[in-house]
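1. One predicted model, sequence on top.
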Amino acid sequence: MTHSKQTHNLTRRFLLASAAVSALAAAFAFSPEVGEDAFRQLHQELPTPGPYRTASGAPGHEYWQQKVDYKIDVHLDEELRHINAVERITYHNHSPDALTYLWVALDPNIMGPESHSVASSMAPSLDKPSYGSMHRFNTRRTFDGTCHIEAVLDAAGEELHTAIQDTMMRVDLPEPLKPSEAMDFTIAWNYAINNSKEMGGRTGYEHFEKDDNVLFEMAQWFPRLCAYSDLVGWQNKEFLGSGEFTLEFGDYTVSITVPEDHVVASTGVLQNSDEVLLLAWKDRLTQAKQSGELTFIVTPEEAKANEEEKATGTKTWTFQAENVRDFAWASSRKFIWDALYQPVEGVDPVLAMSFYPNEGEPLWSRYSTRAVAHTLVEYSKHTFPYPYPVAISVNGPVGGMEYPMICFNGPRPEEDGTYSKRTKYGLIGVVIHEVGHNWFPMIVNSDERQWTWMDEGLNTFVQFLAEQAWEEKYPGRRGEARHIVGYMSSENQRPIMTGSEELLQFGSNAYAKPATALNILRETVMGRELFDFAFKEYSNRWRFKRPEPADLFRTLEDASAVDLDWFWRGWFFSTDSVDQALTHVTHYRMGSPDPAVSKAFRKQQRDSKPESITVIRNKGMKRLVETYPELLDFYNEFDDLDVTPQDTKSYEKFLEDKKIEGKDRALYEVDDHFYVVTIERIGELVMPVIVDVELKDGSHQEFRWPVQVWRRGNTSIKKLILTDQEVVRFTLDPHLEIADTELFNNHWPRKIEEKRIDLQENRKWGGGGKNPMQKAKAAAEGAKEEEEKVEEVSGASPKK
């Protein structure tokens, strides 16, 4: 490198640093009314760390959680749409507390006509109700799906005292269950299964009228122990419909008795395949394992034939599942069954399967199991390897719902087998989402009843990553910042950190906004490398454990060394929005000591100013000095921006001055462009600042400044941008990555918004369509034509 180049580069760096410091110092004028609290650390908002949960966000050295094992026998009555069941529960008390009672969730009680869910619901709209909405309303008033408890007995067969509070049942113990002790007890129950098409819900049956068959998707079907934890104690908030389920891990053995021509899909691994599977089905399962190809186990033709005759006998399918927090199953004679063994790094191949009726074809055989397998690979990549042996997608009446190893998904094609783009990607997306719930919350076992976002938001985020890996232009709806701005600028919001039953705009709040927030952390705030490590660390720390929000917040900071309290406060504890604006730009060039140059620039600046309206209108006016020219003197000709001999002599003396060193003289040779940009924070939410600079030659430069530019409560900043050519345009948030809710103020100079005038057909007075008189006239003319046709056919003469 030559000396002149070194000097030039040093000069550039010196100027850049000094000017930037000066600009920042001027920008940080403290504004206490907006944003002063944005960077306050989250102390009182989060629980105090301790031996159960550490300040780093990891489980503490004394962390504990309960374990509950179930052995269940259930009988499905297809004709009556009813189940009868008995379960033996083993409750392991790993807590440091002696328990005098246990709380059991009776979720079917939400289907009772007098449940608190029904009683707290608002009146339906009766202005223009649909047939379906009125059917649902009437059915909801009369159908009773309450869980009827027949008996609750201890291990010796003695009755245990119980008390039922809506969807919760307290089981009083004859003596306290001490730490490290376990107890067995039995519950027998029955209930009527709801028609999911008529009543909605996460469980139920679908009746196919054309062949008089039924498809059952059974969830929340058995009395389940509520969770007991270090932070909440008993999580026994009643089930009102939004806040889902908070459960304990355990081992299950479940025997399901169904009509003998039914095929059953279930959580767990089938234990008695020799008793319930046809030999051809077993052979095809073996073939699927050996080939690694997607294989029909029950073909569409076999499923169609199976619909024709209804068996009178029964079969019992027995499944076992280890270390799961819930159990669901589906049963029907209509099921097609396909399977694919999917390799997953770090574990044995997983059996990905789908069960669906012929009504799902051809959509389901093409996409469902492929989506299951894709989810296993992508989620394992971003979190931890899928730990279970099977993963199942079932088509039925439930639109989308998740359970360990199995999920229910609703999209189907039209009756003629065609389907829309929305249906295709709706199926792929819901399968990815519901299978993805195996990670959140089925393994990373958050408290769904309290914090919907901890499973739905995190799962929607990883779903977004998986969808991006499906195809390049996947039409995803949630994840990118640009898709959340409408919600963040809307009314009737509540913070993400709001209880599940109190949320407004449920999907945007609990799914889209937290997913978008995590994607912004990954792409903009932390960067992919730091975020991916920290997110995987959280997932691994808390798999098969119960995290709380503070554990996520603390882990992502602990594993990345990035202070994120400002982010959690703004995105999760508030409803603030982002609006940054480019409000001013000043262009500087290095001045010259040569008066011929400097004065010419100043003269050009002066002369380029617009003439005032008065000057314009006074042109041609008779002036006094025209009448009396003797009034004109030296100053009428003098221009203080003309170069004078004194100016020239001073410049020559400057050039001869030996005191001015070479590096100082080199400053005048800098030919760069200095731009000071002013950026205002109009929205309350602080975010990093990203500016794209479009240069005269069409190239672009991008500048990124961290969120700490707002750390002193300032509502505006000035930043210096140095370029080697003129700038054509500055653009804030050029990639739409910070959820800026107002884009019109993101450009300098401002962009003209382009729109088109779309002409509409002229409408007559009275609105579109025919008026009542026209309709009556048309009806009369139609009747007359019909009468004439009849008379013509009969041979009669038309009436005159």
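-> Thanks, I have the structure now. Numbers count the residues shown, from 1 in each chain.

2. Check which helices and strands the strand or helix carrying residue 539 is in contact with.
-> Applying DSSP states H and E as the criterion places residue 539 in helix 528-541. Contacting helix 528-541 under the criterion 3 or more CB pairs under 8 Å, 6 or more residues apart in numbering; DSSP states H and E are the following elements: helix 363-382, helix 549-558. Every C-beta, even on glycine, is put in place using the N, C-alpha and C of the backbone.

3. Identify all contacting residues around that helix.
-> For helix 528-541, contacts defined as CB atoms under 8 Å, 6 or more residues apart in numbering pick out 57-59, 382-384, 439, 444, 518, 521-522, 526, 547, 551-552, 555-560, 562.

4. ok, now stretch 601-621?
-> Contacts of stretch 601-621 (CB under 8 Å, 6+ apart): 591, 639, 641.

5. Would you convert the helices and strands packed on helix 528-541 into JSON lines that also reports mean neighbour count and mean pLDDT?
-> Shown next, in JSON lines, are these (neighbours: other CB atoms under 10 Å; pLDDT from 0 to 100):
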{"stretch": "helix 363-382", "mean neighbour count": "22", "mean pLDDT": "98"}
{"stretch": "helix 549-558", "mean neighbour count": "22", "mean pLDDT": "97"}
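
6. Which among those is found nearest to residue 164?
-> When the helices and strands packed on helix 528-541 are compared by CB to CB, helix 549-558 sits nearest residue 164, at 31.0 Å.

7. The helices and strands packed on helix 528-541 into CSV, with extra columns for distance to residue 252?
-> Output for these, formatted as CSV (distance: least, CB to CB, whole Å):
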stretch, distance to residue 252
helix 363-382, 21
helix 549-558, 27
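
8. wait, which of the contacts of stretch 601-621 is closest to residue 433?
-> Taking the contacts of stretch 601-621 together and measuring to residue 433 by CB to CB, the closest member is residue 591, at 61.3 Å.

9. Assign a three-state SS to that closest one, would you?
-> coil (DSSP: H, G, I helix; E, B strand; the rest coil).

10. Can you tell me the closest non-neighbouring residue to it?
-> Nearest non-adjacent residue to residue 591, counting by CB to CB, 6 or more residues apart in numbering: residue 598, 5.9 Å away.

11. before we move on, what SS does the one you found have?
-> Following three-state DSSP, residue 598 is assigned to helix.

12. out of the contacts of stretch 601-621, which are buried?
-> Restricting the contacts of stretch 601-621 to buried positions leaves nothing, with burial counted as 16 or more other CB atoms under 10 Å.

13. from what I can see the residue nearest to residue 591 touches residue 589, true?
-> No - between residue 598 and residue 589 there is no contact under CB atoms under 8 Å: 10.9 Å.

14. who's more crowded, those two?
-> More crowded of residue 598 and residue 589, by other CB atoms under 10 Å: residue 598, with 16 against 12.

15. Where does pLDDT dip in this structure?
-> Within the chain, the segments meeting pLDDT under 70 span 1-36, 658-659, 762-771, 773-774, 790-800.

16. any idea how far the residue nearest to residue 705 when sequence neighbours are not counted is from residue 517?
-> Of all residues not flanking residue 705 in the chain, residue 689 sits nearest, at 4.5 Å (CB to CB, 6+ apart). Residue 689 sits 18 Å away from residue 517, going by CB to CB, to the nearest Å.

17. Could you do residue 642 as well?
-> Counting by CB to CB - residue 642 and residue 517 are separated by 62 Å.

18. Could you check which of the two is surrounded by more residues?
-> Shown here are residue 642 and residue 517; by other CB under 10 Å, residue 517 has more neighbours (23 against 12).

19. what element comes up after the strand or helix carrying residue 718 heading to the C-terminus?
-> Using DSSP H and E, residue 718 sits within strand 716-723. Moving toward the C-terminus from strand 716-723, the next helix or strand (DSSP H and E) is strand 727-732.

20. who's in contact with the helix or strand just after that next one?
-> Downstream of strand 727-732, the first helix or strand assigned by DSSP H and E is strand 747-748. The contact list for strand 747-748, computed with CB under 8 Å, 6+ apart, reads 582, 584, 585, 677, 729, 730, 731, 732.

21. 6 Å instead, please
-> For strand 747-748, the surrounding residues in contact (CB atoms under 6 Å, 6 or more residues apart in numbering) are 582, 585, 730, 731.

22. Which residue ranges of the stretch 451-600 of the chain form helices?
-> Here the stretch 451-600 of the chain has its helices, by DSSP state H, counting those that start in this stretch, at 453-468, 485-488, 506-507, 513-520, 528-541, 549-558, 565-572, 595-607.

23. from the chain's centre, how far out does the last one sit?
-> Per CA atoms, centre = their mean, to the nearest Å, the displacement of helix 595-607 from the mean C-alpha position of its chain is 57 Å.

24. Helix or strand next in line after that helix, which one?
-> Counting by DSSP H and E, what follows helix 595-607 is helix 613-617.

25. Past that following helix, which element shows up next along the chain?
-> helix 624-627.

26. Tell me the buried residues in the helix or strand following that following helix?
-> For helix 624-627, the following helix or strand on the C-terminal side (DSSP H and E) is helix 634-637. Within helix 634-637, no residue counts as buried by 16+ other CB under 10 Å.

27. Repeat that for stretch 694-702.
-> Using 16+ other CB under 10 Å as the burial criterion, the residues of stretch 694-702 that qualify are residue 695.

28. Kindly report the same for stretch 472-492.
-> Within stretch 472-492, the residues scored as buried using 16+ other CB under 10 Å are 476, 478, 479, 480, 481, 482, 483, 484, 485, 487, 488.
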